[in-house]
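S.K.: Just need the structure, nothing else, for what follows:
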Amino acid sequence: MNPADISQGTGRRKRAVARVKLTLGQGVITINKRSIDDYFPRPQLQQIVRQPLEATQSGTRFDIDVKAQGGGMTGQAGAVRHGIARALLEMDETLKETLRSNGFLTRDSREKESKKYGRKRARKRFQYSKR
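M.R.: Next up is the predicted model:
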């Protein structure tokens, strides 16, 4: 296979990181050596992953191989979406406007706030008792 037919993209969301490899093929999506239906059983998560492909009408043009780690299922789905969008952009620069307008190239920077000492969680305090 020609190296020009392969493009890569790294996606991140919350604590999840997804390394995406895009090759010309039939539209098979593999995540951590498992099919997308097996890895993400919830249809909403499968839809999130496929959003950049549907927006650019390239669902059956590429085979996608993903290594996802960290975070939870929703974070990993968002990271995979971000990685696919970046890999599509590397493959074809003309898709930039479509991907940008749909918000697939923007990294969702929201992170969990860390727990503070003397508190139950990041902001929750113990109940105050006057008597």
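
S.K.: okay, CA-based contacts and neighbour counts for the rest of this
M.R.: Will do.

S.K.: shaky segments in the protein?
M.R.: Within the chain, the ranges that satisfy pLDDT under 70 run 1-4.

S.K.: can you pull out the strands in the protein?
M.R.: In the chain, the strands defined using DSSP state E lie at 6-13, 16-24, 29-31, 34-35, 62-69.

S.K.: Dump those into JSON lines; add mean neighbour count and distance to residue 119 as well.
M.R.: JSON lines is the format used below for these (neighbours: other CA atoms under 10 Å; distance: least, CA to CA, whole Å):
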{"stretch": "strand 6-13", "mean neighbour count": "22", "distance to residue 119": "26"}
{"stretch": "strand 16-24", "mean neighbour count": "22", "distance to residue 119": "26"}
{"stretch": "strand 29-31", "mean neighbour count": "20", "distance to residue 119": "38"}
{"stretch": "strand 34-35", "mean neighbour count": "14", "distance to residue 119": "41"}
{"stretch": "strand 62-69", "mean neighbour count": "20", "distance to residue 119": "30"}
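
S.K.: mind putting these in CSV, distance to residue 96 included?
M.R.: Shown next, in CSV, are the strands of the chain (distance: least, CA to CA, whole Å):
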stretch, distance to residue 96
strand 6-13, 14
strand 16-24, 16
strand 29-31, 22
strand 34-35, 27
strand 62-69, 17
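
S.K.: residues touching the residue nearest to residue 20 when sequence neighbours are not counted, list them.
M.R.: Distance criterion CA to CA, 6 or more residues apart in numbering; nearest residue to residue 20, sequence neighbours excluded, is residue 66 at 4.5 Å. Listed by CA atoms under 8 Å, 6 or more residues apart in numbering, the contact set of residue 66 reads 18-21, 29-33, 80.
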